[in-house]
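*Asks:* Generate coordinates for the sequence data below:
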Amino acid sequence: MRRWIILLLLALVLPLSGCGFSGIELKDRLIVQAIGVDYQDGNYHVSLQVFDPDDGGGGAQGAFDASKPNNQVYEATGKTMADTFRQISLQTGKTVFLGNNQLIVLGEDAVQKELNGVISFFSGSHETRPKTIILACDGKAKDIVGLQLEQGIVPSDAMERMVGLAQEAGLTPYSTLMEVARAANSLGETPLLAYVGSEEKENGEGQLQILGGAAPIKDGDTLYFSQLEIRGAEWILGEVEQTTMVLEEGDNRYTAVVQPVYHQLRPKLEGGQLIFTLRLDVVCSIPEAIYTQQTEMEFSHIPLLTQLIEKEIEQEADMAFRHAQQDGPTDVFRFSKYLDRYLPEYWKSQQDSWPQEMSNLQMEWDIRVDIKSLGLTAKNRIESK
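*Replies:* All right, here's what the predicted structure looks like:
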């Protein structure tokens, strides 16, 4: 029995080793951490951020110093995606390895003109992980991949953490390779990508910006969503984990920590009119209140705070829906999935013209707020107007 256990452990561990069964040693690989894809004049431009520790002796891929950039960026242009990777291998004399890649960044032209082709290429790669994050960016992807952020061992670590935190708060969508590929191949649905950019800090270094979301629509255009519009879309999708909202009532300000506990999205037909109803239950705490006059937060304020939170969530969700409906139309809310499940006969009659039929869709909101706790208060030192 012990012999069989050892053989089983070896069978599980050996495929995970750096060299595997390919016979390629680690020093002969380019360990890719982030990929940028731009598309221009019918050609692909690929940028690879590669793990390359600077040990002071030429950047051999060995021990690393966390205070150093620990990466190199390689670029190539080709007629196909495979051609660009082949060129980088020839430039470096090393095999490109995608098994550790964390991010795929798509430039504006790549999103508008070649999204399906790029997603198909990476989906067909056995090395690319299904949960690799897909980002659309403002401008060129090579500029994002080339950012030298200092908050991680390699810049892609910091980028992944920043995007992950924004996703948890509902300020940018959860767009992985698997999710984007599924949406791109679903009838009537539109992929919604996390959208990023860069800005220059005072010291001249670049900094990643979380801008919101991007959805490719017809005729090679892209519909962009602000952070609040994305949070509105995430309320509809049921993908907000926990978020913080700043509420204002007159000169008073409140901070609300909001966590959804129940989500239901259902379609119905009333007199031939298609209506979707969103039922969303959230629990909240109010850790901070800033008043201009009184000095204490009282339980009698809970009905007002409840109304403010309900109104804010409904406004954000409605803003996202109107933007997608009127400026698209584009189905980034997976309405098509719910129609197929709950109104199959209606969906069969509309699927060929969806999402254009979204222009006639109406929404109903059922937002329910339960405030669990009230926190400390502070008096605003600014005089009330």
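
*Asks:* biggest helix in this structure by residues?
*Replies:* Of all the segments assigned as helix in the chain under DSSP state H, the longest by residue count is helix 302-327.

*Asks:* Which helix or strand lies directly C-terminal to that one?
*Replies:* On the C-terminal side of helix 302-327, the nearest following helix or strand under DSSP states H and E is helix 335-342.

*Asks:* Residues in contact with that following helix: which ones?
*Replies:* Here helix 335-342 makes contact (CB atoms under 8 Å, 6 or more residues apart in numbering) with 186-189, 265-267, 276, 346-347, 350-351, 354-355, 358, 361. Where C-beta positions appear, they are placed from N, C-alpha and C, glycine not excepted.

*Asks:* For it, buried residues please.
*Replies:* Within helix 335-342, the residues that count as buried by 16 or more other CB atoms under 10 Å are 335-337, 339-340.

*Asks:* and the angle from it to helix 302-327?
*Replies:* 100 degrees (axes from the mean of the first three to the mean of the last three CA atoms, to 10 degrees).

*Asks:* Neighbours of E248, how many?
*Replies:* 11 (other CB atoms under 10 Å).

*Asks:* mean confidence for the helix or strand where it lies?
*Replies:* Element membership for E248 (DSSP H and E) is strand 243-249. The average pLDDT for strand 243-249 rounds to 94.

*Asks:* Check which helices and strands that strand is in contact with.
*Replies:* strand 252-270, helix 302-327 (3 or more CB pairs under 8 Å, 6 or more residues apart in numbering; DSSP states H and E).

*Asks:* Could you say which of these is packed most deeply?
*Replies:* Most buried of the helices and strands packed on strand 243-249, by mean neighbour count (mean count of other CB atoms under 10 Å): helix 302-327, with a mean of 18.

*Asks:* Check which helices and strands that helix sits against.
*Replies:* Secondary-structure packing of helix 302-327 (3+ CB pairs under 8 Å, 6+ apart): strand 222-225, helix 227-237, strand 243-249, strand 252-270, strand 273-291, strand 362-379.

*Asks:* In the third one, which residues are buried?
*Replies:* The neighbour-count criterion (16+ other CB under 10 Å) identifies 243, 245, 247 as the buried residues of strand 243-249.

*Asks:* tell me the angle of that strand relative to helix 227-237?
*Replies:* Counting by the same axes, to 10 degrees, strand 243-249 lies at 110 degrees to helix 227-237.

*Asks:* what's around the nearest residue to K142 once chain neighbours are set aside, how many residues?
*Replies:* Using CB to CB, 6 or more residues apart in numbering and skipping the chain neighbours, the partner closest in space to K142 is S47 (4.1 Å). The burial count assigned to S47 is 24, neighbours taken as other CB under 10 Å.

*Asks:* ditto for the one 5 residues further on
*Replies:* Each residue near D52 was counted by other CB under 10 Å, and the total is 22.

*Asks:* Just the buried ones among the contacts of helix 335-342, please.
*Replies:* 188-189, 265, 267, 276, 346-347, 350, 354-355, 358, 361.

*Asks:* between those, which is closest to D38?
*Replies:* Nearest to D38, judged by CB to CB, of these is E189 at 25.5 Å.

*Asks:* Now tabulate the buried ones among the contacts of helix 335-342 in JSON lines and tack on pLDDT.
*Replies:* Listed next are the buried ones among the contacts of helix 335-342 as JSON lines, based on pLDDT from 0 to 100:
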{"residue": "G188", "pLDDT": "91"}
{"residue": "E189", "pLDDT": "94"}
{"residue": "L265", "pLDDT": "98"}
{"residue": "P267", "pLDDT": "98"}
{"residue": "F276", "pLDDT": "98"}
{"residue": "Y346", "pLDDT": "96"}
{"residue": "W347", "pLDDT": "97"}
{"residue": "Q350", "pLDDT": "94"}
{"residue": "W354", "pLDDT": "95"}
{"residue": "P355", "pLDDT": "93"}
{"residue": "M358", "pLDDT": "94"}
{"residue": "L361", "pLDDT": "96"}
